[in-house]
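**Q** Model the structure of this input:
(one chain, ligands or ions: 1)
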Amino acid sequence: MRIVIVGAGIGGLITALRLHNEGIDCEIYEQSDQIRELGVGINLLPNAVKELAVVGLLDQLNEVGIRTHELFYTHRLGHQILRKPCGLDAGFTLPQFSIHRGSLQGLLLRAVRERLGAGAVHTGHRLIGFEQDAKGVRARFVHRHGDASQPVHGDALVAADGIHSTVRAILFPAEGPPRWNGVMMWRGATDWPAFGTGRSMIIAGGNTAKFVVYPIAEGRTHGTKLTNWALCVLTGQPGDPPPGRQDWSRPADPADLERHVGLFRMSLDHVALVKATGEAFEFPMCDRDPLPYWTKGRVTLLGDAAHPMYPMGSNGAGQSILDAASLGGHLARHADPADALRAYQDDRLPATSEVVLRNRVGGPESVIDEVERRAPEGFSRIEDVIDAAEIEAAVKGYAQASGSSQEQVNRPGSVAGSRTPSAEPG
Ligand SMILES: Cc1cc2nc3c(=O)[nH]c(=O)nc-3n(C[C@H](O)[C@H](O)[C@H](O)COP(=O)(O)OP(=O)(O)OC[C@H]3O[C@@H](n4cnc5c(N)ncnc54)[C@H](O)[C@@H]3O)c2cc1C
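**A** A predicted model of the protein is given here:
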């Protein structure tokens, strides 16, 4: 079996490693001429780390990431709502990592090239279309200046081509652009004195004004960490057309940051942190509605192409890693690739659709919204505002739905693939 993977983001690269582990031949085709380590921070929950450990990448994660120790939820004005230990410190058998997206992409890319060969990733190949029949798939690509490359043949095509997926647009031509929830997200990372335990993460504020901060790597000077921050503010209305295309690398306007960063009271000097960051990026918080199906014959969607979601609950990259685990398992088990792609869809589509919908209302962080609704000016004692059991129910319910609960992660076997089949057409 030979699989054509489109896109060398986190989803495409981990898919190649999972398929290689299963002895399945594959190659990746990426539109960019060069794969640069772009982005800022992301979190990998223990469920995703478990799947990365299956392909032997735990040591590499340890080298470049930070083992997250604890997570704080606070009111926008600084009052603590929840302190939650994370990863090993919470009793999981695997750590949680806070990591630079580019470093993660870099370590996956090196592993792909070492294991599958230097030529396994074809850069400068933008997919523009495909044809399929009972024997296989023929994928068509163009190079940077629009000149066509040789078509590529495979037994199946996996589209890991991100939120603006070409394959998704071919399968669902009437869908239109991603949906904006009115929240603009500004992100950056810079070396900064370690705060808390040096492995702490803070999420301050709910859906209309949120500041997130956590370290993602050791800093270049003693006592510092490369510290990631994200500032999210409701600047439009849900359903408004997003202000500009959803480009993860679009530079931020410092005036926007200055205007909004003072909304928060934090235990660290977050205003100075933002000011000290050389380059920040903006991204309108967008997702898409869950799809009725991802698989059509020998073609399927994976990662953000299948289920772009708001970055809540540390799930964006993690769900694409779970997709890859499920897909690899099904391709190894089924002789017919179309059967495998359908079984993968049945595993993963219901689970990820639920996460997309839960993230629309804030994911586990919706408890912060609830507290702010009840106590807009803050509080002295959290127990006067909300019951501990209510907080726990919200956080645990989300963990269960996203496959990241301790029970799901600590039991033997893969976290992905535990769902009952849907009845969607293939
Ligand atoms: C440059 C960049 C920076 C990011 N930064 C952050 C961040 O800071 N924080 C965060 O939470 N998330 C970030 N993300 C998103 C995050 O990586 C994803 O949400 C998650 O990892 C799932 O990844 P994915 O592989 O499905 O999609 P992506 O990571 O978006 O990867 C998709 C890949 O497909 C390629 N591609 C697209 N169309 C085609 C085509 N027609 N033919 C061939 N190749 C194609 C793209 O160039 C890209 O390499 C970023 C994504 C990108 C692309």
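
**Q** What's the local residue count around Val121?
**A** 21 (other Cβ atoms under 10 Å). Every residue, glycine included, has its C-beta placed from N, CA and C.

**Q** Wait, it touches Glu114, no?
**A** No - between Val121 and Glu114 there is no contact under Cβ atoms under 8 Å: 11.6 Å.

**Q** Tell me how many other residues crowd Arg381.
**A** 7.

**Q** Return the backbone torsion pair for it.
**A** With angles defined as degrees, to the nearest 10, Arg381 sits at phi -130, psi 120.

**Q** Could you report the separation of it from Ala375?
**A** Arg381 sits 10 Å away from Ala375, going by Cβ to Cβ, to the nearest Å.

**Q** Which parts of this structure are helices?
**A** 10-21, 46-54, 58-64, 101-116, 166-171, 254-260, 270-276, 316-333, 337-360, 366-374, 388-401, 406-410 (DSSP state H).

**Q** Reformat these as JSON lines; add distance to Gln80 and mean neighbour count.
**A** Below are the helices of the chain laid out as JSON lines (distance: least, Cβ to Cβ, whole Å; neighbours: other Cβ atoms under 10 Å):
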{"stretch": "helix 10-21", "distance to Gln80": "32", "mean neighbour count": "26"}
{"stretch": "helix 46-54", "distance to Gln80": "24", "mean neighbour count": "24"}
{"stretch": "helix 58-64", "distance to Gln80": "29", "mean neighbour count": "15"}
{"stretch": "helix 101-116", "distance to Gln80": "28", "mean neighbour count": "19"}
{"stretch": "helix 166-171", "distance to Gln80": "41", "mean neighbour count": "19"}
{"stretch": "helix 254-260", "distance to Gln80": "22", "mean neighbour count": "14"}
{"stretch": "helix 270-276", "distance to Gln80": "16", "mean neighbour count": "17"}
{"stretch": "helix 316-333", "distance to Gln80": "26", "mean neighbour count": "26"}
{"stretch": "helix 337-360", "distance to Gln80": "23", "mean neighbour count": "22"}
{"stretch": "helix 366-374", "distance to Gln80": "10", "mean neighbour count": "19"}
{"stretch": "helix 388-401", "distance to Gln80": "12", "mean neighbour count": "16"}
{"stretch": "helix 406-410", "distance to Gln80": "23", "mean neighbour count": "15"}
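
**Q** possible to save those helices as a markdown table with distance to Met185?
**A** What follows is the helices of the chain, written out as a markdown table (distance: least, Cβ to Cβ, whole Å):
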| stretch | distance to Met185 |
| --- | --- |
| helix 10-21 | 18 |
| helix 46-54 | 21 |
| helix 58-64 | 23 |
| helix 101-116 | 14 |
| helix 166-171 | 22 |
| helix 254-260 | 11 |
| helix 270-276 | 13 |
| helix 316-333 | 12 |
| helix 337-360 | 13 |
| helix 366-374 | 16 |
| helix 388-401 | 20 |
| helix 406-410 | 28 |
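
**Q** which ones are touching the nearest residue to Gly12 once chain neighbours are set aside?
**A** Of all residues not flanking Gly12 in the chain, Ala160 sits nearest, at 3.7 Å (Cβ to Cβ, 6 or more residues apart in numbering). Ala160 sits next to Ile5, Val6, Gly7, Gly9, Gly11, Gly12, Thr15, Leu302, Gly303, Asp304, Ala305, Ser320 when contact means Cβ atoms under 8 Å, 6 or more residues apart in numbering.

**Q** and what of Ala156?
**A** Ala156 touches Met1, Ile3, Val4, Val137, Arg298, Val299, Thr300, Leu331, Pro337, Ala338, Ala340, Leu341, counting by Cβ under 8 Å, 6+ apart.

**Q** Of those, just say which sits nearest to Val356.
**A** Nearest to Val356 among the contacts of Ala156: Thr300, at 17.2 Å, using Cβ to Cβ.

**Q** ok, that closest one - how many residues close by?
**A** 29.

**Q** now do Val152
**A** Val152: 20 neighbours (other Cβ under 10 Å).

**Q** now the closest residue to it other than its chain neighbours: how far from the ligand?
**A** Leaving out its chain neighbours, the residue that sits closest to Val152 by Cβ to Cβ, 6+ apart is Ala139, at 4.7 Å. To the ligand, Ala139 is 9 Å away according to Cβ to the nearest ligand atom, to the nearest Å.

**Q** Not counting stretch 69-84 itself, show me its contacts.
**A** Outside stretch 69-84, the residues touching it (Cβ under 8 Å, 6+ apart) are 85-87, 89-90, 196-197, 199-206, 209-211, 263-267, 365, 367-368, 371-372, 375, 377-380, 382, 386, 391, 395.

**Q** Just the CA atoms of it, as PDB, please.
**A** Output of stretch 69-84 as PDB, limited to C-alpha atoms (Å, rounded to 0.1, in the frame of the first residue of the first chain):
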ATOM      1  CA  HIS A  69       3.500  21.100  36.100                       C
ATOM      2  CA  GLU A  70       0.300  23.100  36.900                       C
ATOM      3  CA  LEU A  71      -2.400  25.100  35.300                       C
ATOM      4  CA  PHE A  72      -4.200  28.000  36.900                       C
ATOM      5  CA  TYR A  73      -7.600  29.400  35.900                       C
ATOM      6  CA  THR A  74      -8.100  32.900  37.100                       C
ATOM      7  CA  HIS A  75     -10.600  35.700  36.900                       C
ATOM      8  CA  ARG A  76      -9.600  38.400  34.400                       C
ATOM      9  CA  LEU A  77      -8.900  40.600  37.500                       C
ATOM     10  CA  GLY A  78      -6.500  38.000  39.000                       C
ATOM     11  CA  HIS A  79      -8.500  36.000  41.500                       C
ATOM     12  CA  GLN A  80      -7.700  32.300  41.400                       C
ATOM     13  CA  ILE A  81     -10.500  30.000  40.400                       C
ATOM     14  CA  LEU A  82      -8.600  26.700  40.000                       C
ATOM     15  CA  ARG A  83      -5.200  25.200  40.300                       C
ATOM     16  CA  LYS A  84      -4.800  21.900  38.500                       C
END
